[in-house]
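Trainee: Next input, structure requested:
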Amino acid sequence: MSKTSSPGSEIGGGETPSTGGDESRVKRKRKGADRDRKPKKSRPLDQTMLRDLALSYAARFATTGAKLEQYLARKIQTRGVAEDADGRTRDLDVTDLVTQMIELGYVNDDAYARSRSRDLTARGYGARRVEQALWAAGVDEEVRENNAPGEAESKRAAVLLAKKRRFGPFARPDAVEHIDEDENGDPLARRKQREKQVAAMLRAGHQYDHVRFIIDAATMEEVDEWLAEAEDAEEPRESGSW
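Mentor: Got it, this is the predicted structure:
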């Protein structure tokens, strides 16, 4: 007795044909439509809208007066200035708006500099990198000087970087043995390694005398004592500083 094939049991049979081809055509049409669709144009700015942008930016980001002014200038350049009922455009007063934001306490260069300085030193960067970052943010020289890391803080940051990168006495014993000389027996291998470590710490903004002491220290205990002496001599900062 022959078996009766059930519907869809043979190759090519089945109740519902594949719709992969149709779906692909739909997706291609959608992509084409997306390409043809013009980007939505942002509305030109008036003083009220500019103020809203400034408030939103200051609420989301720690910033300085200079950075906020640059941000608003870019927005004006991108979106343009709205016309009034007579079809005339009025200049938007960015400088006055930034001044208002500072007076209201929404923007504070000193607080920004203090926070940025703390953040960078906590990541192992030196005083020179802190200075560069604050200068790039438009912080005034006096504010930069008031928030520059002190001697002890600079040394802590240098030690932190050396520990993270395993420089000087913080290197693994096996790594030290490996760089005593290279595979060709070159006695200068260790010196080359030292030069690379010094260069890396200088790029991170550290003082050369700090770098040299840490890299050339014989033991970690020697570095700890050096740092402890600086911390003992450190004077407490004024209220509002760190």
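
Trainee: all contacts plus neighbour counts: C-alpha atoms, from now on.
Mentor: Noted.

Trainee: now the end-to-end length of stretch 115-135.
Mentor: The separation between the terminal residues of stretch 115-135, taken as Cα to Cα, to the nearest Å, is 14 Å.

Trainee: May I see the buried residues of it?
Mentor: Neighbour counts using 16 or more other Cα atoms under 10 Å place 116-118, 120-122, 124-131, 133-134 of stretch 115-135 among the buried residues.

Trainee: again, but for stretch 96-110
Mentor: By 16+ other Cα under 10 Å, the buried positions in stretch 96-110 come out as 97-98, 101, 106-110.

Trainee: on that earlier part again, sort out which one of the buried residues of stretch 115-135 lies nearest T89 for me.
Mentor: Closest to T89 out of the buried residues of stretch 115-135 is L134 (35.6 Å), distances taken as Cα to Cα.

Trainee: Surely the closest one is in a helix?
Mentor: Yes - counting by DSSP: H, G, I helix; E, B strand; the rest coil, L134 is located in a helix.

Trainee: who touches it in this structure?
Mentor: Residues counted as contacts of L134 (Cα atoms under 8 Å, 6 or more residues apart in numbering) are 113, 116, 144.

Trainee: if I look at it, how far off is L72?
Mentor: Distance of L134 to L72, given as Cα to Cα: 20 Å.

Trainee: And for stretch 61-72, what's in contact with it?
Mentor: Contact with stretch 61-72 is made by 50, 53-54, 57-58, 94-95, 98-99, 102, 107-109, 112, 137-139, as judged by Cα under 8 Å, 6+ apart.

Trainee: Format the CA atom coordinates belonging to that stretch as CSV.
Mentor: Once side chains and other backbone atoms are set aside, the C-alpha atoms of stretch 61-72 remain, and they are given as CSV (Å, rounded to 0.1, in the frame of the first residue of the first chain):
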residue,chain,number,x,y,z
PHE,A,61,27.7,69.6,31.6
ALA,A,62,30.2,71.1,34.0
THR,A,63,31.4,74.0,32.0
THR,A,64,33.1,77.4,32.0
GLY,A,65,32.0,80.8,30.7
ALA,A,66,34.3,80.5,27.7
LYS,A,67,33.1,77.0,26.8
LEU,A,68,29.4,78.0,27.1
GLU,A,69,30.0,81.1,24.9
GLN,A,70,31.7,78.9,22.2
TYR,A,71,28.8,76.5,22.4
LEU,A,72,26.2,79.2,21.9
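
Trainee: What is the distance between it and the centre of its chain?
Mentor: For stretch 61-72, the gap between its own C-alpha mean and the chain's C-alpha mean amounts to 16 Å (Cα atoms, centre = their mean, to the nearest Å).

Trainee: So what's the model's average confidence on it?
Mentor: Stretch 61-72 shows a mean pLDDT of 97 in the predicted model.

Trainee: How about stretch 138-147?
Mentor: Within the predicted structure, the mean pLDDT of stretch 138-147 is 97.
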